[in-house]
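Q: I need the structure of the sequence given here:
(one chain, ligands or ions: 1)
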Amino acid sequence: MSKPTLLLHLCCGPCGAHISEELKADYQVSLFFANSNIDTAEEFAKRLAAAQTLAEYHGLPLVVDDYNHAEWLALVKGWEDESSFAKAMADEPEKGERCRLCYRYRLLKTVDKCAELGGDYFATSLSVSPYKDGEAVVLIGRSLSPKFLERNFSQNNGWQKSIAAAKSLKLYRQNYCGCEFSKRQGKEAFVN
Ligand code: SF4
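A: Predicted coordinates:
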């Protein structure tokens, strides 16, 4: 019996490095790079190159969404100003309302692509990183479609396994989440 198909949204190569391998055991996996949150076309290209390396290594198809940062900026309008930014970042770095809007935006793109491709399931690497709100990612995915694979990939040392896999593949590892607002945090500790 053939395995069910799964579209895995990749937020970046490193976060998908371990789970691509893990999911291949049970699903026919295709990768989906949909990240208009990234602040510049140059940075988008660097992260896409890492996703391409990962896809080639695992022999998986990679689908790439159009880059449209203006559309993403319109979505988070109201959360980009200094006061909103400070409010969102005060106690929950990368876990504020702007980030939830951002998760939802990328998951919706994945829902649409999964439907277009006739896929059985979809998932996202967004929950791998401890800098993200994995519970929010799962709640949003669940609310969008019954095809969402409800897994918080940060569990069972998912982050550590991802870093190890990314290092072994020599993938580009960025030092900020993606949007210009995460850059302004100047969070040197964030190394993906
Ligand atoms: S910090 Fe990351 S998750 Fe949050 S809005 Fe920016 S790119 Fe999206």
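Q: Wait, a strand at residue 63?
A: Yes - counting by DSSP: H, G, I helix; E, B strand; the rest coil, residue 63 is found in a strand.
Q: For it, grab the count of nearby residues.
A: 17 (other Cβ atoms under 10 Å). All C-beta spots, glycine's among them, are computed from the backbone N, C-alpha and C.
Q: Same check on the one 10 residues further on?
A: In terms of burial, residue 73 registers 15 neighbours under the definition other Cβ under 10 Å.
Q: so what's it up against?
A: residue 80 (Cβ atoms under 8 Å, 6 or more residues apart in numbering).
Q: Let me see the mean pLDDT of whichever strand or helix holds it.
A: Using DSSP states H and E, residue 73 falls within helix 69-75. Average pLDDT, helix 69-75: 96.
Q: measure residue 55 to the ligand for me?
A: As for residue 55, its distance to the ligand is 22 Å (criterion: Cβ to the nearest ligand atom, to the nearest Å).
Q: I should have written residue 24 there, sorry.
A: 26 Å.
Q: Residue 28 now?
A: 28 Å.
Q: I'd guessed that residue sits against residue 4; true?
A: Yes - Residue 28 lies in contact with residue 4 (Cβ atoms under 8 Å); the separation is 7.1 Å.
Q: So between these two, which is more surrounded?
A: residue 28 (16 against 13).
Q: contacting residues for that one?
A: 2-6.
Q: Near the ligand, which residues of the chain are found?
A: 37, 94, 98-99, 102, 177-179, 181-182 (Cβ under 6 Å from any ligand atom).
Q: For stretch 45-59, buried residues please.
A: Across stretch 45-59, burial judged by 16 or more other Cβ atoms under 10 Å covers 47-48, 50-51, 53-55, 57-58.
Q: what residue ranges in the protein score low on pLDDT?
A: Along the chain, the parts satisfying pLDDT under 70 run over 81-95, 184-192.
Q: What ranges does it have for its helices?
A: 13-24, 41-58, 69-75, 82-91, 97-117, 134-144, 158-168, 180-184 (DSSP state H).
Q: Make TSV out of those and add distance to residue 124.
A: Listed next are those as TSV, based on distance: least, Cβ to Cβ, whole Å:
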stretch	distance to residue 124
helix 13-24	9
helix 41-58	13
helix 69-75	16
helix 82-91	21
helix 97-117	6
helix 134-144	6
helix 158-168	13
helix 180-184	18
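Q: My understanding was that residue 7 contacts residue 122; is that so?
A: Yes - counting by Cβ under 8 Å, residue 7 touches residue 122, with 4.4 Å between them.
Q: Report the set of residues contacting both of those two.
A: Joint contacts of residue 7 and residue 122 (Cβ under 8 Å, 6+ apart) are 32, 110, 113-114.
Q: which of those count as buried?
A: 32, 110, 113-114.
Q: Okay then, goodbye and thanks.
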